[in-house]
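Participant: Quick one, structure for this:
(6 chains)
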Amino acid sequence: MSSVLSEIRKDYLYNMILKGTRADGRYFDQYREISIERGVIAKAEGSARVKLGSSQVLVGIKMQPGEPFPDSPNRGVIITNAELVPLASPTFEPGPPNETGIELARVVDRGVRESKAVDLEALCITPGKQVWIIFIDVHILDDCGNLIDASSLGAIAALLSTKVPASKFGLGEDHPLPIRDLPIATTAIEFGDVVMFDPDSDEESIANSRLTVITTADGSICGLQKSGTGVLNLEKVHHIVDIAGEKAKEIREKFLEV
Amino acid sequence: MSSVLSEIRKDYLYNMILKGTRADGRYFDQYREISIERGVIAKAEGSARVKLGSSQVLVGIKMQPGEPFPDSPNRGVIITNAELVPLASPTFEPGPPNETGIELARVVDRGVRESKAVDLEALCITPGKQVWIIFIDVHILDDCGNLIDASSLGAIAALLSTKVPASKFGLGEDHPLPIRDLPIATTAIEFGDVVMFDPDSDEESIANSRLTVITTADGSICGLQKSGTGVLNLEKVHHIVDIAGEKAKEIREKFLEV
Amino acid sequence: MSSVLSEIRKDYLYNMILKGTRADGRYFDQYREISIERGVIAKAEGSARVKLGSSQVLVGIKMQPGEPFPDSPNRGVIITNAELVPLASPTFEPGPPNETGIELARVVDRGVRESKAVDLEALCITPGKQVWIIFIDVHILDDCGNLIDASSLGAIAALLSTKVPASKFGLGEDHPLPIRDLPIATTAIEFGDVVMFDPDSDEESIANSRLTVITTADGSICGLQKSGTGVLNLEKVHHIVDIAGEKAKEIREKFLEV
Amino acid sequence: MGENDANITFFKDGLRLDGRRADELRPLKIEVGILARADGSCYIEMGGNKVIAAVYGPREVHPRHLQEVTRAIVRYRYNMASFSVEERKRPGPDRRSYELSKVSREALEPVILTSYFPRSVIDVFVEVLQADAGTRTAGINAASVALADAGIPMKSMISSCAAGKVGGQLVLDPMKEEDNYGEADMPIAMTPDGRITLLQMDGHMTREELKTALDMAMGGCRQVYEVQRKALIDKYNQMEAEIIPDQEQPQEAEVL
Amino acid sequence: MGENDANITFFKDGLRLDGRRADELRPLKIEVGILARADGSCYIEMGGNKVIAAVYGPREVHPRHLQEVTRAIVRYRYNMASFSVEERKRPGPDRRSYELSKVSREALEPVILTSYFPRSVIDVFVEVLQADAGTRTAGINAASVALADAGIPMKSMISSCAAGKVGGQLVLDPMKEEDNYGEADMPIAMTPDGRITLLQMDGHMTREELKTALDMAMGGCRQVYEVQRKALIDKYNQMEAEIIPDQEQPQEAEVL
Amino acid sequence: MGENDANITFFKDGLRLDGRRADELRPLKIEVGILARADGSCYIEMGGNKVIAAVYGPREVHPRHLQEVTRAIVRYRYNMASFSVEERKRPGPDRRSYELSKVSREALEPVILTSYFPRSVIDVFVEVLQADAGTRTAGINAASVALADAGIPMKSMISSCAAGKVGGQLVLDPMKEEDNYGEADMPIAMTPDGRITLLQMDGHMTREELKTALDMAMGGCRQVYEVQRKALIDKYNQMEAEIIPDQEQPQEAEVL
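Facilitator: Numbering: from 1, shown residues only, chains lettered A, B, ... in the order given. The predicted model follows:
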């Protein structure tokens, strides 16, 4: 966007905020409409297509036997990758993941890993020799903002739909991937002293700071990631963490536990 | 070439065509002079230097034992690579193969592979464990047009001169590589409603479309590759395929079966 | 540096030379002050921080068991790398080593390798199977000229401080790395028909040629590397080699054999 | 082509393993305009293939030295999602995808009126979400519709389809098993009036078989074209339908 | 975070394994201006971490298209020396270092007066020479001092420190063993008046623990700030001291 | 240098394994102007080495920021074909080829009159088709002739040759076996009047041996120079011969 246009847009959004609302009429803590379709890719062990407003993300899970890491010989391995393909936004470029894509993949990964959502001990085949490798591949299709929440939700939804392909490798019968927790990432931005959840692309472009809070099923926090070149005072952090907990609970109950 | 110069050149070539001839006086279906020198690189298991008019190509074959692909455990492996080194043309740049180099390598590979020219079953050493890997390395020395035909001819000529280096790896005595077919690639371009075989660089630069036809010894077709941003009607395709068969036969008999 | 400034600087240095001295008052064959601190990185098997005037170099040695090269099945392996990180100079750029970094690493490597400073036979664990790999990592911290001499000195000093981490890999007790020679690199530049040793950055920038001479403890030569786009006559080469031998002896006795 | 395995039967009671006749396409589904950010987009299912195409442009060219003073350049990026195939594919382009991108671009460029947009670029991005033989033809079909959806002026649509040879018999639009174990595969692309813009073949065909296969593939392209056309008309009608109510009920629009 | 190993005890007689209290920083040592070529530099030891930061700029931006017309851009490159960790690290950036570079840059940028230097770049380079948990916080602390040393105008210093949870208890500035086997790690960075510019967490904390951990980490940052401030004042005094004698004894200066 | 293997004999009846005297070059063959596209080219066989050099330029520099306002830049790319060595080499440059490209460029640049062509580039490309010890010297010899063939103004030719030490004895122009198992290798390059533009050595030589080896290598360069000179004169005479008949028989030229 040219800087003149972006100034006009910024003013417009700021005026909306002064009136206590957002460009699309949402409340500050309101999420856009969410829809999740699981098992969309038959060739993958698990998959989910998430729509968050107009944002669209497809997460595919592939599994194969491989070597464990030397420092965790009895546990399966998770490898998370995010592709911000140029199909999804005029600002994405072909090539290996840049800073934004790497941060996205690592935050999605952190949610799954730190919540201990997947029972990695159950994915050991031969201790020290062979374990299951889980590839979580996040494929962004349409970037209309808040890719972190959409991708994190896609990841856990896809994992929930995953069948361990044991028979394909002569390792017994296929069985569901053992899932122990349901981490939910909720992201807010700060702009003009106001905090808004689930920002769209326009809101992201004017944000000073962004904070992602990842919450587990028991209401604990398993991940935080601040980004952006703004500052956050302690009060705002606590405010975001509190609402994040509520929102995560709603999303978890509505989309993952039904 | 600057666009002014290229327009002048285009007009000149077009006027020649109207007179029924080509800039160098050839008939539309006439190849430039061909010469092949085999065994030029003593360090390679096989090699051939092909001159096609002023175009020069050197193909070297290296072989070594390695692992088979999982889906063909009893067959040798062919790996084809083409280097369009900047020595060969003012338009080539250093670096990994670009689109043109990749297409060239893949078309050469397709000819060898689809014609089943090499008896890959005979290259199995230990089923599922060890097979011969054949590296076909195409090194372009001078690009004066029609690199596909020159490289394809170089590849099969080099393969014909290849000795399997069994003794070097303690796998018995050296023996000739088992060759079962002699695929020949013949390429034509379309320009101003005229079809010309074996285009030189100038002709390539004005071509609308290019079609390569790869023919086996029994007169069948084992490969087609159209390129360029022009269209071809069915009649032209059939015309090119027919003449390609004749030309391939001539080349095969003259250079590979004597 | 802009070309005007560089011309002024060149004139200034040239005038100094006419008076028989250098910008910092040194004699033509005089080194800047040298200091070496060994064992600065506890996580490394060996390390040394070298200051040569304002130039600063940190060399770290890491060792791990690995496979020998097929053509030397009973000998340890040395791998030398140099990182010219952008922290060290306004002219260094992030990314893989460029020509300058590669040459630096290869000259450092050559000194260690050709002098047979490390007893590689003693680093064989299981012949043909497992040997010690020595990683010599040169990390440039501040480039104020003559990085080759500083880095070479850092490498041998770090190797002298290296303990083979045998116990960590269950291969017996830790023991010092067996060192058999003490190669010293000495570098001179030629400018305005004068030869100057240990050039600083300014002197390097005006040099026509540079010659590095690597000398072993017995006074023999184990490496030469000329660089730069100037010429050297035979007389200058002999002159540099002669003084290099003396300087190397002084440095070796003062810093490595005490 | 894969090695011909004598133990495989490709036909049963005159029909193919998935119940198709020799000259029948796989089920084909096309949705237009499914992405918000792209200037034009299309989702296609062609048998087991699931492919999305997006078009951006005409827009500025970066880096500048790629600009052409008399026309737009066209870029085409064919990409497979890691999870789109049986064994996970490493992300990023490989040699195959570079070749497919090139021939696909050359399949579309003949119909794009590039001279309308000097110094600019038209970017076509194709993402294969699930692969099942024929991804390049599916991609070209989707890309052609996405170009139209983006309003890029074109002389005509491009439709694409392959013919193959399995068990000695020619078939239209081969699926994975036929592609893996068959004797030949020949993808083509063409304009509705039969001008060929893509033609590739690998395998083994006699001169006569090639003739028949070309006719068969061109017939397939004509069928594909009808589906592409219908999808675009549906989209157009739907847009009309969306616009007209708004005009008739302006007060409701204000409420929103 | 690493898996919590039940066999590990993190406390002995109420103190941590290295003898610290729960809310105590590791020994902290800061040296200013240790590099000749850089415009500003700083060496820091924070426990077992040994880190150098250098600042170049404001200077011209290459390539040009990265320029911003209204402000300087800030670049931050976090890099680990191959020998800085237990197992040799391959040289060059990896995904972790890209992320750390991003969040570290965003930790510093809020206080840099970038609008003073349109079209230019301020480059911050951080080299980890020895790593022992907390390299990103050490790097930010060093970078903040190096920026001041380079004379870059800043609204305030930035100080950084982590709080962690080990064996169920919150601790300040976790060392390697606590980071590897603990339950949570939360690095933050802030201005002296408590505005947070970096906040990350991974592991597992209740809502209440998070509150306490934030307070603890902010306390740590305040202690770091005092050391940063002192190091800069020392440097400034030393420079004064170096300049004044020369002025008083001009004849000696000539002799040199 | 390779490890000295006590079991290898390098001399028999005072001659080397290939029958040469200690101070004798391998057979040397030079052909000028063997490529149509390049501005200048040369093929050289130096013992078992087969090397082609091509020169393009002076021509425009891309990217622009590499331009020098007062002179041409010189680029040199040394490259080995995958099949040029015993074990297949992966295509593309490695650390060795980067170093050889650098020192080879610096071996030639002193004699090129770069100030005649400001803002341009002279590109030298060297392809090693078969390698047998001494590829860098063969490459420099071929490149020097190719530069002359391209009409690049030079102060003089550059000739290159190595001296080595095998079995305790100094030899000229070592071949593969001598290089692999010898004690030292010292490639040099120089102008016909003995000004050294390349000098490298690795191995082990006493101060005295080095002196003798330098004299020996310089003698080798002088021999190489004679062959380079003759090849260029032959080419020139041949061109004259080709041009003069045309001038005398204009009618025949028209017929063609």
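Participant: And the helices in the stretch 51-200 of chain D?
Facilitator: D:95-108, D:135-149, D:176-181 (DSSP state H, counting those that start in this stretch).
Participant: now check the first one, is it near chain B?
Facilitator: Yes - contact between helix D:95-108 and chain B, assessed by C-beta under 8 Å from any C-beta of the partner chain, occurs at D:95-96, D:98-99, D:101-103, D:106. Where you see a C-beta, it was placed from the backbone N, CA and C, and this is true even at glycine.
Participant: List the buried residues in that helix.
Facilitator: D:95, D:97-108 (16 or more other C-beta atoms under 10 Å in any protein chain shown).
Participant: Rounded mean pLDDT for it, please.
Facilitator: Across helix D:95-108, the average pLDDT comes to 98.
Participant: what does the second one give?
Facilitator: Across helix D:135-149, pLDDT averages out at 98.
Participant: could you check the angle helix D:95-108 makes with it?
Facilitator: 40 degrees (axes from the mean of the first three to the mean of the last three C-alpha atoms, to 10 degrees).
Participant: Residues touching stretch D:85-103, excluding its own?
Facilitator: For stretch D:85-103, contacts defined as C-beta atoms under 8 Å, 6 or more residues apart in numbering or on different chains pick out A:43, A:62, A:64, A:81, A:83, A:94, A:96, A:135, A:137, B:97, B:99, B:102-103, B:105-106, B:225-227, D:76-82, D:131, D:135-136, D:139, D:198, D:200.
Participant: Look up how far chain D lies from the closest residue to chain C within chain A.
Facilitator: Of all residues in chain A, A:P70 sits closest to chain C, at 11.9 Å by C-beta to the nearest C-beta. Going from A:P70 to chain D by C-beta to the nearest C-beta, to the nearest Å gives 23 Å.
Participant: where does that residue fall, helix, sheet strand or coil?
Facilitator: Assigned with DSSP: H, G, I helix; E, B strand; the rest coil, A:P70 falls in the coil class.
Participant: measure it to chain F for me?
Facilitator: A:P70 is 28 Å from chain F, by C-beta to the nearest C-beta.
Participant: Next, count neighbours for that residue.
Facilitator: 8 (other C-beta atoms under 10 Å in any protein chain shown).
Participant: what's it in contact with, if anything?
Facilitator: Contact analysis of A:P70 by C-beta under 8 Å, 6+ apart lists nothing.
Participant: And the pLDDT for it?
Facilitator: Reported pLDDT for A:P70: 91.
Participant: need the contact list for A:E83.
Facilitator: A:97, A:101, A:137-140, D:81-82, D:91.
Participant: just to confirm, which helix or strand has the residue in the stretch 51-200 of chain A that chain D sits nearest to in it?
Facilitator: Per C-beta to the nearest C-beta, A:G60 is where the stretch 51-200 of chain A lies closest to chain D, at 2.7 Å. Assigned by DSSP states H and E, A:G60 belongs to strand A:55-66.
Participant: Now do the buried residues in that strand.
Facilitator: Buried-residue list, strand A:55-66, by 16+ other C-beta under 10 Å: A:55-63, A:65.
Participant: List the buried residues in the next helix or strand along the chain from it.
Facilitator: Per DSSP H and E, the first helix or strand lying C-terminal to strand A:55-66 is strand A:77-83. Across strand A:77-83, burial judged by 16+ other C-beta under 10 Å covers A:77-78, A:80-83.
Participant: Kindly export strand A:77-83 (C-alpha atoms) in CSV.
Facilitator: This file holds the C-alpha atoms of strand A:77-83, laid out as CSV (Å, rounded to 0.1, in the frame of the first residue of the first chain):
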residue,chain,number,x,y,z
VAL,A,77,9.7,-35.9,16.7
ILE,A,78,7.6,-32.9,15.6
ILE,A,79,8.7,-30.8,12.7
THR,A,80,6.6,-27.8,11.9
ASN,A,81,6.9,-25.7,8.7
ALA,A,82,4.9,-22.9,7.3
GLU,A,83,4.7,-21.9,3.7
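Participant: residues touching the spatially closest residue to A:P178 that is not a sequence neighbour, list them.
Facilitator: Excluding its sequence neighbours, the residue lying closest to A:P178 (C-beta to C-beta, 6 or more residues apart in numbering or on different chains) is A:D119, at 4.0 Å. By C-beta under 8 Å, 6+ apart, A:D119 lies in contact with A:178-180.
Participant: Look up phi and psi at A:D119.
Facilitator: phi -80, psi 90 (degrees, to the nearest 10).
Participant: Count the residues that sit near the nearest residue to D:A54 once chain neighbours are set aside.
Facilitator: Excluding the flanking residues, the one nearest D:A54 by C-beta to C-beta, 6+ apart is D:A38, at 3.7 Å. By other C-beta under 10 Å, the residues close to D:A38 number 27.
Participant: same check, this time on the one 10 residues further on
Facilitator: Using other C-beta under 10 Å, D:G48 has 19 neighbouring residues.
Participant: and the closest residue to A:K163 other than its chain neighbours, how many neighbours?
Facilitator: Once flanking residues are discounted, A:K163 sits nearest to A:D174: 4.8 Å by C-beta to C-beta, 6+ apart. Residues contacting A:D174 under the criterion other C-beta under 10 Å number 12.
Participant: which residues are contacting stretch A:224-234?
Facilitator: Residues contacting stretch A:224-234 (C-beta under 8 Å, 6+ apart): A:103, A:107, A:110, A:148, A:189-190, A:207-214, A:240, E:102-103, E:106, E:109-110, E:186, E:191, E:194-202, E:214, E:218.
Participant: ok, back up a step: keep only the buried residues of strand A:55-66 that also lie close to chain C.
Facilitator: Of the buried residues of strand A:55-66, not one also sits near chain C (C-beta under 8 Å from any C-beta).
Participant: would CSV of those residues with distance to C:R26 be doable?
Facilitator: Putting the buried residues of strand A:55-66 into CSV (distance: C-beta to C-beta, whole Å) gives the following:
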residue, distance to C:R26
A:S55, 65
A:Q56, 68
A:V57, 64
A:L58, 66
A:V59, 65
A:G60, 65
A:I61, 66
A:K62, 64
A:M63, 66
A:P65, 65
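Participant: what's the residue closest to the geometric middle of chain A?
Facilitator: A:S152 (2.0 Å; C-alpha atoms, centre = their mean).
Participant: Is there proximity between the host helix or strand of it and chain D?
Facilitator: Using DSSP H and E, A:S152 falls within helix A:147-160. No - using C-beta under 8 Å from any C-beta, helix A:147-160 never reaches chain D; the gap is at least 9.2 Å.
Participant: how many neighbours does A:E7 have?
Facilitator: Counted with other C-beta under 10 Å, the neighbours of A:E7 add up to 12.
Participant: Confirm that it sits in a helix.
Facilitator: Yes - per three-state DSSP, A:E7 lies within a helix segment.
Participant: and chain D, which of its residues are near chain B?
Facilitator: So chain D meets chain B at D:1, D:3, D:69-70, D:95-96, D:98-99, D:101-103, D:106, D:109-110, D:186, D:191, D:194-207, D:210-211, D:214, D:218 (C-beta under 8 Å from any C-beta).
Participant: Can I get the buried part of those as one ChimeraX selection?
Facilitator: To isolate the buried ones among the residues of chain D next to chain B in ChimeraX, judged by 16+ other C-beta under 10 Å, type:
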select /D:1,95,98,99,101,102,103,106,109,110,186,191,195,196,197,198,199,200,201,202,203,204,205,210,214,218
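Participant: which ones among the residues of chain D next to chain B are found in strands?
Facilitator: Among the residues of chain D next to chain B, the members falling in strands (DSSP state E) are D:186, D:196-205.
Participant: Much appreciated, bye for now.
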